[in-house]
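Peer 1: Dropping a prediction and its sequence here:
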Amino acid sequence: MQPTFVLVHGAFANSFSFAPLQAELGLLGHRSVAVDLPGHGFAATYTRAYQAPQDSEGLATAPGGIKGVTLADNVAHLIGILERAKRNGPVILVSHSRGGVTATAAANARPDLIDRIVYVSAWCPVLLNVGDYYAEPEMASVDAASMALAMAGNPAELGLLRVNFRTADPDALAAFKAAFLADGTDEEFLTFLNTFQPDENLDVGTSADRAQAETWGRIPKTYVRLTDDTSLPLALQDRLIREGDALTPDNPYDVRDLAGSHLKWLTDPAPAARVLGGLAAPLAAAGS
């Protein structure tokens, strides 16, 4: 009855970024599955215009396969994976960043498939929709306009978000590094940046997709705070924890801390693997 970790990526990311973490988990004796949400991983769109030398006009207009993908599509895909994983024993669902939106909606729909849900500096909306949190004081330090420095095309016309992560604009690159991996080397940052895909879907859900006490609230839950995260600031992480605890006071978050930025736990995954491994031990013991 070895638990299975099901790992859900954030925006513009994919399963590839979890490879170092999966290696650490494997070396500690844990089983894991990294998910590619619809339109991600090998289903992503990389147009010729994105290659070097880049064609800026083509990049701004080329269609992308993720157009029309909804949160409901993400949830259905994740539930299918959870169903398969659950056949083999307990399941620990781990999400990062925007992946928390999908994990929360899946937990609302099928709490029976999840033995513990873990948010690593991830969105778990309770009182507001995700977009509305950006107007709150806890997000005041986030430079939302920095992404626009490398935005390609009009999202309303493309039907998706497209960011040119292969830009040579020094201001855009500096903004990305500050937001994602300020505590990494330039080499680590550029390596990680090249695992990002340019396209992301537009749908982050509605009030119906926020955490629901009667379903999501039944699942044991952990929040791993990334203490130096500037993309999802600690103040916002703490607010999400408080709101979740208020929603289910009899089932509060188990809160853990990891030092580092939004992506540091993935470039230096050993501490995170130890934290996650500690969460698996009680489930493994219960099933033995």
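Peer 2: That came through fine.

Peer 1: how far away is the closest residue to residue 218 other than its chain neighbours from residue 247?
Peer 2: Leaving out its chain neighbours, the residue that sits closest to residue 218 by C-beta to C-beta, 6 or more residues apart in numbering is residue 111, at 5.2 Å. (Glycine included, C-beta is placed from N, CA and C.) As judged by C-beta to C-beta, to the nearest Å, residue 111 and residue 247 stand 14 Å apart.

Peer 1: I'd say the residue nearest to residue 218 and residue 215 touch.
Peer 2: Yes. Under the criterion of C-beta atoms under 8 Å, residue 111 makes contact with residue 215 at 4.7 Å.

Peer 1: Which one's more surrounded, those two?
Peer 2: Neighbour count, other C-beta atoms under 10 Å: between residue 111 and residue 215, residue 111 has more, with 17 against 14.

Peer 1: Quick check: residue 85 vs residue 35, distance?
Peer 2: In terms of C-beta to C-beta, residue 85 sits 10 Å off from residue 35.

Peer 1: ok, now residue 115?
Peer 2: Plainly put, residue 115 is 17 Å away from residue 35 if you go by C-beta to C-beta.

Peer 1: Looking at the two, which is more packed in?
Peer 2: Neighbour totals were compared for residue 115 and residue 35, and residue 35 leads with 25 against 22 (other C-beta under 10 Å).

Peer 1: ok so, going back, which residues do residue 85 and residue 35 both contact?
Peer 2: residue 6 (C-beta atoms under 8 Å, 6 or more residues apart in numbering).

Peer 1: Buried residues, stretch 225-237. List them.
Peer 2: 225-226, 229-234, 236-237 (16 or more other C-beta atoms under 10 Å).

Peer 1: my bad, stretch 273-288
Peer 2: 273, 275-277, 279-280, 283-284.

Peer 1: So what touches that stretch?
Peer 2: 1-3, 5, 21, 24-25, 27-30, 89-90, 92, 94, 115-116, 118, 222, 224, 254, 256, 258.

Peer 1: just stretch 149-163 next, same as before
Peer 2: Taking C-beta under 8 Å, 6+ apart as the rule, stretch 149-163 contacts 11-12, 56, 59-61, 63-64, 66-68, 147, 164-165, 167, 169, 171-172, 175-176, 196, 198-202.

Peer 1: In ChimeraX, how would I select just the buried ones from the residues you listed?
Peer 2: Entered in ChimeraX, the line below selects the buried ones among the contacts of stretch 149-163, by 16+ other C-beta under 10 Å:
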select :11,12,59,60,61,64,66,147,164,165,167,172,175,176,196,198,199,200,201,202
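
Peer 1: What segments of the stretch 101-250 of the chain are strands?
Peer 2: With strands called from DSSP state E, counting those that start in this stretch, the stretch 101-250 of the chain shows them at 116-122, 161-162, 199-200, 221-226.

Peer 1: Could you dump those into CSV with distance to residue 183 and mean pLDDT added?
Peer 2: Converted to CSV, the strands of the stretch 101-250 of the chain look like this (distance: least, C-beta to C-beta, whole Å; pLDDT from 0 to 100):
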stretch, distance to residue 183, mean pLDDT
strand 116-122, 14, 98
strand 161-162, 26, 97
strand 199-200, 24, 98
strand 221-226, 10, 98
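
Peer 1: Output the ones you listed in CSV; the columns should cover distance to residue 73.
Peer 2: Putting the strands of the stretch 101-250 of the chain into CSV (distance: least, C-beta to C-beta, whole Å) gives the following:
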stretch, distance to residue 73
strand 116-122, 19
strand 161-162, 16
strand 199-200, 13
strand 221-226, 24
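
Peer 1: what residues are up against residue 20?
Peer 2: Contacts of residue 20 by C-beta under 8 Å, 6+ apart are 266-267, 269.

Peer 1: now those residues as JSON lines including neighbour count?
Peer 2: Below are those laid out as JSON lines (neighbours: other C-beta atoms under 10 Å):
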{"residue": "266", "neighbour count": "21"}
{"residue": "267", "neighbour count": "19"}
{"residue": "269", "neighbour count": "19"}
